[in-house]
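Engineer: My questions are about this predicted structure, shown below with the sequence.
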Amino acid sequence: MPDKEDPPAPRPRRVAHPLARFLIRRLLLAVLMAWGITLVTFVLTNLVPGDPVAANLGQRALGDPAIVAQWRAEHGLDKPLWQQYLIHLQGLVQGDLGTSQQSHRPVAQDLAEYVPATLELAGAAILVSLVLGVAFGVVAALRRDRLPDHALRVLSLVGISVPTFWLALVAFYVFFYRLQLTPGSGRVDAALGSAPPVTGLQTVDALLAGRWDIFSSAAGHLVTPALVLALYTIGLLTRFTRSAVLEVLGQDYVRAARAKGLPGRTILFRYVLRSALVPIITVAGLAFGSLLSGTVLVEAIFAWPGIGQYAYKSATTLDLPAVMGVGLVVGVVYLVINLIVDVLYGVIDPRVRLQ
Amino acid sequence: MTRDPLARRGLLRRLPEAWRQPLAVVGAVLAVAWIVVALAAPVLAPHDPLAQDLPRLAAPGPGHWFGTDQLGRDILSRVLHGARVSIPLTLLLVTLSVLIGGLLGACAGYFGRWVDETIMRVADLVFAFPTVILAMVVAAALGASLGNAVLAVLVVAWPAYARVTRGLVLGIREREFVLSGRLLGFSVWRSLRVDVLPNVTGPVLVLATLDIGTALLLLSGLSFLGLGAKPPSPEWGAMVASGVEVFDSWWVATFPGLAILTVVLAFNFLGDTLRDALDPRTARAIKERAL
Amino acid sequence: MTLEISGLKVSIGGKEILRGVDLGLAAGRVHGLAGESGSGKTMTGLAVLGLLPHGARASGTVRLGERDLLALPAKELNRVRGGEVAMVFQDPATSLHPMLTIGRQLTEHMRHHLRLGRTEAKERAVELLGKVRIPGPAQAYGRFPHQFSGGMRQRIAIAIALACSPKVLIADEPTTALDVTVQAGVLRLLRGLCDELGLAVLLVTHDLGVMSAVADEVSVMKDGLVVESGPRGRVLREPAHAYTRSLLGSLPGAGTAEPGGPGDPGGPGAGPAPEGER
Ligand SMILES: Nc1ncnc2c1ncn2[C@@H]1O[C@H](COP(=O)(O)OP(=O)(O)O)[C@@H](O)[C@H]1O
Ligand SMILES: [Mg+2]
């Protein structure tokens, strides 16, 4: 006897459509945010108390009002602020981030040179953090209130409490200067030459070119700064994974899975981690932001030629166009990361993907 | 008019249990010790932190237990005096971000509509920047000084409180005891102050405790980058930076770094224990919104 | 008796939650377990399968054939779970994993317990979905839980429970979270499966109306103890215990609780649950 009380099951929906709509909405939001970032950097640039004319013209030229006026007109400084912003925005759209006062080169060109090194460092660090942080968090949750849990709690709290710049210095001193276990500063042993640039990531390029000597040198240079950088995010992800896993472990569907007599391994990987992954990737996205912050402090110590070091040099010499360029690029990278996180939601969770 | 009976007592009732945890005890002892150091540094310090009258770069030993720096200053005395620079500034910083962020978040949650939209979009915007980079941009734009560094950290720190407070206020606003107050004709401000405030203080205090560490790390990081405290000042981040130049004299950078680590650790131990003492729902709200 | 619980005690953090529960389940019979919220019905069900919450201790015996489930090593207990004793939970909105397809959740324990291949498992799954009257079972196989209504989800949960042909089914308030209109259908399904497959069913409910509609035996719990037990007709018509009388008295249409026949859920059981338990 067929049951009339339940409504018929809905027809399966087309998969692509709702996800596309979801993504378009997120993309529009990201564009809006990117525009906000340009506004912030512009406003900050104009907050600067120093006169940009004085910073850019020599003593002699400054004495001549005609030259000063001409320079101001040339750089659009005689126009009202909102017009200056529009010109600035127009330049940005065309990839013009201004000229660095330090290197006297276009900021965009400088950044293109430094970004790959930072992506390699931060990418390695986020990979390490995800693997270790999630593993530690799962262990802590499964051994809740027992020794491994307590130990990992202390470890992760220490991880988020260590000043990154100090840890970088200590690691450099101990592992390179004292023990000579790791290669020193830079990305690769200069004597080896370099692999033809494809991705800009030394390790990947070396592998693509089949140069094992370059790869192992690049990987060796990468290990210490990446681990130093990762310590904070490992701590963060450990704490967060632990609570996410504990929360999922208390869910009905996990109890139902145990009632089915599935092996513990299957329940952990298929039932628990899949759900816990949703909050974990959210935090991982945020953690990537703190990694980018950390690069500023770590790259300076390891002489890693990335945007962190570029930002550090620019900030200490008050090279504003360069600092703003870094802010802009990093803000946009962060937006892209958030967009990726949103896409991952759709991949992991069918409730986002369908309907 | 009844007040939510669980809101405050929940935390207080669970406190005694929290104190029995070794982590909380270690955290509390460390924190109190550092506050005592900050208060009593002139008495405790064996030397003048600015006097350059000792042998240069002397290794730790009798008379100068933490060694001396490249200008012949006693590092122990500088570390002790550094507590007078960093700890009050960090506490001020966190207090200000709690007040500013909390007020903005409460307004967003309470009034909703465009007030909410405006405040929260700005908060999102700040969140879109990695903290050190934004703080660095702000500090660079304002000019390098300790005061500007504090301002820069403030700019990146308030949104966390705005988010948490907004979430908590949204949850409380619709609850019976607030609505009944409104029905009795109490003003908006009265209901914010009398009904809402007591219910958000617990969670915000926990968040603030955890944030003391973050704020100190950020502040000393800016000084390390040369965007905060200026040279003679015994600020810990700046001291680590000066140790970079002479890194084979390991003691110059090691001790100020340890000072930062122990202060941050103390407040993280405390905050983490306090968070566990909160009810799980609020604790989760803090974690999710504050990262 | 297929499953015999005797002297079952459970405590969590020093608090005694079950204080010596005795229950017997027989093949082809539905044993109703009634009692107000918090009386320990769910804990009884969970204790049988060793699924008690973090920090709980259980003592007594739960006899399944020759074995005592409470004393079974973890590995063997895992074979019993799902394979010989299965469970259906209260809320189908939370007891199915939201990110796994129905097919996945139906077949994985079949493949594990019965060592079926992928295609055999799928065939059996589709057959089971038909048996619990899911329309379009072949299409339903690839869908996710959120694409089904509450009543449908509970039927799916029942199909999952039956997948490995267990001897005992523990249904913990299977209709409490459902709309009144679909409750009857799910109960009728359970009763039919019990008769058809010779299952021993423990039907937990705090709704005596549901009980009167489908149970053969009825036990009543209060504060972690079974206070009354016996054939449905006797317990519901001539309750010996004052507590049972007061439970019956709190039913809508009190006093006139005439138990209907097993296939007749149109009695008081179709009425709304007297109290929401969640
Ligand atoms: N995780 C737990 N920790 C401590 N006590 C619990 C827990 N879960 C349930 N209880 C207590 O166990 C008792 C029985 O609960 P339960 O079996 O769920 O009742 P029922 O299903 O009959 O409504 C209740 O008093 C409840 O408070
Ligand atoms: Mg129950």
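Structural biologist: Received, thanks. Numbering: from 1, shown residues only, chains lettered A, B, ... in the order given. Ligands and ions are numbered 1, 2, ... in the order given.
Engineer: model confidence over the lengthiest helix in chain B, on average?
Structural biologist: Longest helix of chain B, by residue count under DSSP state H: helix B:75-111. The pLDDT scores in helix B:75-111 average 91.
Engineer: Contact partners for residue A:120?
Structural biologist: For residue A:120, the contacting residues are A:187, A:200, A:201, A:202, A:203, A:204, A:222, by CB atoms under 8 Å, 6 or more residues apart in numbering or on different chains. Quick note: C-beta positions are derived from backbone N, CA and C, even for glycine.
Engineer: Kindly confirm my reading that it is in a helix.
Structural biologist: Yes - counting by DSSP: H, G, I helix; E, B strand; the rest coil, residue A:120 falls inside a helix.
Engineer: so how far is chain B from the closest residue to residue A:302 other than its chain neighbours?
Structural biologist: Leaving aside its chain neighbours, residue A:302 sits nearest to residue A:225 (4.5 Å; criterion: CB to CB, 6 or more residues apart in numbering or on different chains). In this view, residue A:225 and chain B are 15 Å apart by CB to the nearest CB, to the nearest Å.
Engineer: Same check on residue C:70?
Structural biologist: Counting by CB to the nearest CB - residue C:70 and chain B are separated by 30 Å.
Engineer: mind checking the SS state of the closest residue in space to that residue that isn't next to it in sequence?
Structural biologist: Sequence neighbours aside, residue C:62 is the residue nearest to residue C:70 in space, at 5.3 Å (criterion: CB to CB, 6+ apart). Following three-state DSSP, residue C:62 is assigned to strand.
Engineer: One more: residue A:95?
Structural biologist: coil.
Engineer: how far away is the residue nearest to it when sequence neighbours are not counted from residue A:259?
Structural biologist: Nearest non-adjacent residue to residue A:95, counting by CB to CB, 6+ apart: residue A:108, 5.4 Å away. Per CB to CB, to the nearest Å, residue A:108 is found 59 Å from residue A:259.
Engineer: More neighbours: those two, which one.
Structural biologist: residue A:259 (26 against 20; other CB atoms under 10 Å in any protein chain shown).
Engineer: Quick check: pLDDT value at the more buried one.
Structural biologist: 92.
Engineer: next one: phi and psi at the closest residue to it other than its chain neighbours?
Structural biologist: Spatial nearest neighbour of residue A:259, chain neighbours left out: residue C:87 (4.3 Å); criterion: CB to CB, 6+ apart. With angles defined as degrees, to the nearest 10, residue C:87 sits at phi -140, psi 140.
Engineer: what about residue C:87, how many neighbours?
Structural biologist: Neighbour count for residue C:87, taken as other CB under 10 Å: 28.
Engineer: what sits against it?
Structural biologist: By CB under 8 Å, 6+ apart, the residues touching residue C:87 are A:256, A:259, C:45, C:49, C:51, C:161, C:169, C:170, C:171, C:172.
Engineer: Thought residue A:333 was touching residue A:30, still the case?
Structural biologist: No - at 11.6 Å, residue A:30 does not count as touching residue A:333 under the criterion of CB atoms under 8 Å.
Engineer: Which residue is the nearest non-sequential neighbour of the residue in the stretch 1-150 of chain C positioned nearest to chain B?
Structural biologist: Residue nearest to chain B within the stretch 1-150 of chain C (CB to the nearest CB): residue C:13, separated by 12.9 Å. Excluding the flanking residues, the one nearest residue C:13 by CB to CB, 6+ apart is residue C:55, at 6.0 Å.
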